[in-house]
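Engineer: Provided below are the primary sequence and the corresponding predicted coordinates.
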Amino acid sequence: MEGFRAYRVREAGKLGGLERASRAELDHGNVVVRTAYAGVNYKDALTASGRPGMARKFPLVCGTDLSGVVESSEDPRFGPGDEVLIHSFGLGAEHDGGFAELGRFPAQWIFPLPGGLSLVEAAALGVAGHSVGVALELLEKNGLRPESGKVLVNGASGGVGSIAIDVLSKLGYHVVALTGKAERAGYLRDLGAAEVLERSSVSLGGRPLEEQLWAAAFDSVGSGQLEWLLRSARRDGLIASIGNAGGNEFAGNVLPFILRGVRLIGVNVNNPRATKLRVWQRLASDWKPRHFERFVRRIRLDELPRAIDALMAGTAWGRHVVDLGKG
Ligand SMILES: NC(=O)c1ccc[n+]([C@@H]2O[C@H](COP(=O)([O-])OP(=O)(O)OC[C@H]3O[C@@H](n4cnc5c(N)ncnc54)[C@H](OP(=O)(O)O)[C@@H]3O)[C@@H](O)[C@H]2O)c1
C-alpha cells in the first residue's frame, strides 16, 4: 500500500476531511499497523469538527482508538500479522489516530488483541468500553454489587452509555437508562435496561437533596445532570463521572456528601499499562458485552463526516465503528 486514505484536520476551527496520505507522512513510532476498525468517540467528533484546543498538531489524523494488524515492526514484541489494539496516549490529538488505513505507533502504546475479542469487537469497545471497565472496577472496589440497588446510566444511547447498559445488565445490575431519545427506548431495553427514563420527564429540581434513588450512576453527560445525580443518590451512593457530553460546568452543594456519604468518582483511562491490561482482559471475558450486533454501527470511511455531524448534534446512538477494509 503506497498512498492511503485518512481523515485529517489541518487547522484549528476548520472541519477536517478525507485525504490521500503518503507513507512519508506516517507519525513517529516503531510499529506500522494496518488499521482494521476505528471507533468514533464524542471527543473525535469535537476534534474532527475543528474545535479549538482538541488537535495538538497539524495535519492530524483523528481517531482515539483502533484495532488492526501489524505490517512491520522494529520492536521484538510485535511482528507482521499480529492483531493489536491501540487507544489513548494522545491518539487523535497529539499523534495520528485511527481514521486512516495505515498508522505508525510506538510499541509501548500497543496491546496484543486480548483472546476473546475480535478486531471489530475491540474497536467497538475502544476507549468508550475501556472507560466503562475502569468505572466498573472503581465502583466495585467501593463496594457496589448488584444487590446494592438501581444503577443509572446517563447519556444512555451513546457509545459509553450503550456499553455500560450491556455490561451492567449482564452482571445482574438493575439498570435505569436516562436518555434524551424517547425513540430509542426499545433499543435501550434490548441492551438490558430494566427501566428507561426520558430526560424531558425528569425534573432536575432545585432542592438540596432529592428523593434517594440510585445506588450508583455512570454519567457521560456532566453539567447540571451530574449535580442532580449527586442530589438523588442513595446513602453511600457512588457516582462515576465519565464524560462531559452536556458540558463541563456543574454547580452544587455539599449535603449529598456530608449527610448521605455520596462519593463522586472520577474516571480516567490514562492508567498504567498493567491496569489497562487488566481492564482489557475483563472486557474480553466476564465484562464482555452480549449485544455487539445491537450497538455497533459499522460505517465506511467516507460515511464518517455524517457520523461526526450526528455525534455533534447529540442525535447519534450506539457506537459507530469505521470499517477501514470497506470501500
Ligand atoms: N473518562 C474517560 O476516560 C472517557 C472515555 C471515553 C469517553 N469519555 C467521555 O464520555 C462522554 C460520552 O462519550 P461517547 O463517545 O459515548 O459519546 P456519544 O456516543 O456522543 O454519547 C453521548 C451521549 O450523551 C447524551 N447527551 C446528553 N446531552 C448531550 C449533548 N448536549 N450533546 C451530546 N450528547 C448529549 C446523548 O445520549 P442520550 O440522548 O441517550 O442521553 C449522547 O448520545 C464524552 O464526554 C466523552 O468525552 C470519557
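Structural biologist: Structure's in. What do you need? Numbers count the residues shown, from 1 in each chain.
Engineer: measure stretch 85-97 end to end?
Structural biologist: For stretch 85-97, the first-to-last residue distance is 12 Å (C-alpha to C-alpha, to the nearest Å).
Engineer: wait, what's in contact with the residue lying closest to residue 53 once chain neighbours are set aside?
Structural biologist: The spatial neighbour of residue 53 that comes closest, neighbours along the chain excluded (C-beta to C-beta, 6 or more residues apart in numbering), is residue 12 at 7.6 Å. Every C-beta, even on glycine, is put in place using the N, C-alpha and C of the backbone. Going by C-beta atoms under 8 Å, 6 or more residues apart in numbering, residue 12 touches 50, 52, 53, 55, 58.
Engineer: Farthest pair within the residues you listed?
Structural biologist: Across those, the longest distance by C-beta to C-beta is 12.9 Å; it joins 53 and 58.
Engineer: Could you report the pLDDT at residue 12?
Structural biologist: For residue 12, the pLDDT comes out at 89.
Engineer: State whether it is indeed within a strand.
Structural biologist: No: the assignment for residue 12 by DSSP: H, G, I helix; E, B strand; the rest coil gives coil, which leaves it out of any strand.
Engineer: domains in this protein, as residue ranges please.
Structural biologist: As given by automatic domain parsing, the domain ranges for the chain are 4-113+292-323, 128-266.
Engineer: Same list, the ones you listed, but as JSON lines with distance to the ligand please.
Structural biologist: Output for those, formatted as JSON lines (distance: least, C-beta to the nearest ligand atom, whole Å):
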{"stretch": "domain 4-113+292-323", "distance to the ligand": "3"}
{"stretch": "domain 128-266", "distance to the ligand": "2"}
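Engineer: Quick check: which of those is nearest to residue 121?
Structural biologist: Closest to residue 121 of these is domain 4-113+292-323 (C-beta to C-beta; 5.7 Å).
Engineer: how distant is the closest one from the center of its chain?
Structural biologist: When distances are taken as C-alpha atoms, centre = their mean, to the nearest Å, domain 4-113+292-323 is centred 14 Å away from the chain's centroid.
Engineer: So what would you say the end-to-end distance of it is?
Structural biologist: Terminal-residue distance, domain 4-113+292-323 (C-alpha to C-alpha): 14 Å.
Engineer: I'd say residue 322 and residue 99 touch.
Structural biologist: Yes: Residue 322 lies in contact with residue 99 (C-beta atoms under 8 Å); the separation is 6.3 Å.
Engineer: Do a quick rundown of the strands in the stretch 51-200 of the chain.
Structural biologist: Assigned by DSSP state E, counting those that start in this stretch, the strands in the stretch 51-200 of the chain fall at 60-61, 65-73, 83-87, 102-105, 110-112, 151-154, 175-179, 195-198.
Engineer: thinking again about what came up before, what's the PyMOL line that selects buried ones from the contacts of residue 12?
Structural biologist: Applying 16 or more other C-beta atoms under 10 Å to the contacts of residue 12, the buried members can be selected in PyMOL as follows:
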select buried, resi 50+55
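Engineer: could you dump the contacts of residue 12 to JSON lines with pLDDT and distance to residue 117?
Structural biologist: Compiled in JSON lines, the contacts of residue 12 are given as follows (pLDDT from 0 to 100; distance: C-beta to C-beta, whole Å):
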{"residue": "50", "pLDDT": "93", "distance to residue 117": "33"}
{"residue": "52", "pLDDT": "92", "distance to residue 117": "35"}
{"residue": "53", "pLDDT": "94", "distance to residue 117": "33"}
{"residue": "55", "pLDDT": "97", "distance to residue 117": "29"}
{"residue": "58", "pLDDT": "97", "distance to residue 117": "33"}
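Engineer: nearest to residue 303, of the contacts of residue 12?
Structural biologist: residue 50 (19.1 Å).
Engineer: Thank you kindly, that will do.
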